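Student: sequence? don't have it. structure:
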């Protein structure tokens with residue numbers, strides 16, 4: 001067994017007594033499971049009065065995350081990376097306006113964010129995904145929030161740099177706007193999106209090659225292959241970072257939103273390439289963490305070939321996706337029991353509780369923090385996973 005840099009510690013169990021963790025610590029890293037807005041903070045029961053009440057649901061979703069951190073001896077001020085999956089983007093600014101209440105007047109200025117619409121269960125309007133860092137790590141904002149209640153564009157803290165989710169509606173260097181409803185709109189917006197990421201990361205002396213993970217929400221799931229092709233062209237024939245690309249409603253103009261995590265300038269990373277597509281990263285190791293790319297419940301663990309017999313089989317795809325994820329982690333001598341954050345994408349969001357029960361059989365007693373989101377998945381899959389694990 002490989003020696004890990006830090007010890008994985010489950011600081012809080014799930015409030016609803018499910019087989020996942022509410023808060024996992026790995027050295028200075030604090031990973032929290034997704035938090036829904038339609039559940040009462042005291043009882044964890046769905047509150048019917050919150051139906052269509054976006055701002056109160058935001059207070060619940062963020063408030064639970066701040067409460068978890070407080071119970072573990074930290075605070076909402078320690079948040080660094082906030083990903084928001086919502087029923088709509090029309091109330092995006094109202095959502096951001098609740099941040100100071102939970103992340104603090106000073107702390108919320110240092111948090112980077114990502115947001116997209118997703119398939120929501122019942123009356124839920126908001127699932128908040130949070131990573132925090134222990135307060136001993138200094139945070140350096142490299143591109144500040146434009147106004148109170150907005151996110152930092154890029155924050156460097158500890159061994160990594162966190163970059164806000166961006167869209168490619170314009171080129172930050174030339175101010176040229178992307179044309180809409182034209183044949184090359186996707187390619188232009190993909191280029192501009194990464195130009196925005198480049199404009200941010202260069203403020204800290206880094207480059208796009210420093211990314212270890214990118215999160216990509218696409219308006220059309222059918223564009224996943226197109227996105228991978230585009231990224232290979234952008235990065236000299238290879239995609240040198242882990243990541244996922246799923247289909248969401250997204251909301252607003254633009255075809256994609258992309259953000260991510262990079263190593264700090266001057267740091268190194270190792271890349272393990274997919275067997276079936278040696279120009280795409282299967283996993284990336286950097287500074288004591290392993291970032292695993294998306295693992296489909298339809299993909300053969302070793303070859304990536306689509307297993308036709310698993311179509312429509314949610315249980316079978318759950319186990320297969322975990323086998324595929326384990327194969328990625330094994331590239332750097334780590335295992336499922338060292339997963340700290342598990343991002344779970346389901347075609348059917350109502351499969352959430354059943355997924356947790358099935359996955360617990362393979363994940364071991366110290367379950368990771370889980371973020372479960374309803375999205376459209378490539379190849380009409382039912383389940384897709386990505387993860388951050390201890391190296």
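Tutor: Happy to help now that I have it. Owing to the predicted nature of the structure, the values given are computational and were not obtained by experimental measurement.
Student: relative to the whole chain's centre, how far out is stretch 320-332?
Tutor: From the chain centre to the centre of stretch 320-332 is a distance of 18 Å (CA atoms, centre = their mean, to the nearest Å).
Student: quick one: contacts of that stretch?
Tutor: By CB atoms under 8 Å, 6 or more residues apart in numbering, the surrounding residues in contact with stretch 320-332 are 270, 272, 282-283, 285, 290, 292-293, 295-302, 304, 307, 310, 335-336, 338-339, 359, 362-363, 383-387, 389, 391. Quick note: C-beta positions are derived from backbone N, CA and C, even for glycine.
Student: give me phi/psi at residue 310?
Tutor: Backbone torsions of residue 310, given as degrees, to the nearest 10, read phi -90, psi 0.
Student: name the nearest residue to it, sequence neighbours excluded.
Tutor: residue 316 (4.8 Å; CB to CB, 6 or more residues apart in numbering).
Student: show me what contacts the one you found?
Tutor: 297, 309, 310.
Student: ok, of those residues, which come out buried?
Tutor: Burial by neighbour count, judged by 16 or more other CB atoms under 10 Å, picks out 297, 310 from these.
Student: mind listing what's buried in the helix or strand containing the residue nearest to residue 310?
Tutor: Element membership of residue 316, judged by DSSP states H and E, is helix 314-330. By neighbour count with 16+ other CB under 10 Å, helix 314-330 contains the buried residues 314-329.
Student: how about stretch 124-140?
Tutor: Buried residues in stretch 124-140 (16+ other CB under 10 Å): 124, 125, 126, 127, 128, 129, 130, 131, 132, 133, 137, 139.
Student: quick one, phi/psi of the residue nearest to the third one when sequence neighbours are not counted?
Tutor: On the basis of CB to CB, 6+ apart, the spatially nearest residue to residue 126 that is not a chain neighbour turns out to be residue 37, at 3.6 Å. Phi and psi for residue 37, reported as degrees, to the nearest 10, are phi -90, psi -20.
Student: return the helix or strand in the chain with minimum mean pLDDT.
Tutor: helix 92-96 (a mean of 92; mean pLDDT, DSSP states H and E).
Student: helix/strand/coil for residue 129?
Tutor: strand (DSSP: H, G, I helix; E, B strand; the rest coil).
Student: next, count neighbours for the residue lying closest to it once chain neighbours are set aside.
Tutor: Distances taken as CB to CB, 6+ apart put residue 83 closest to residue 129, at 4.0 Å, once the chain neighbours are dropped. Look at residue 83: counted by other CB atoms under 10 Å, it has 22 neighbours.
Student: who does residue 83 bridge with?
Tutor: residue 114, residue 129 (DSSP bridges).
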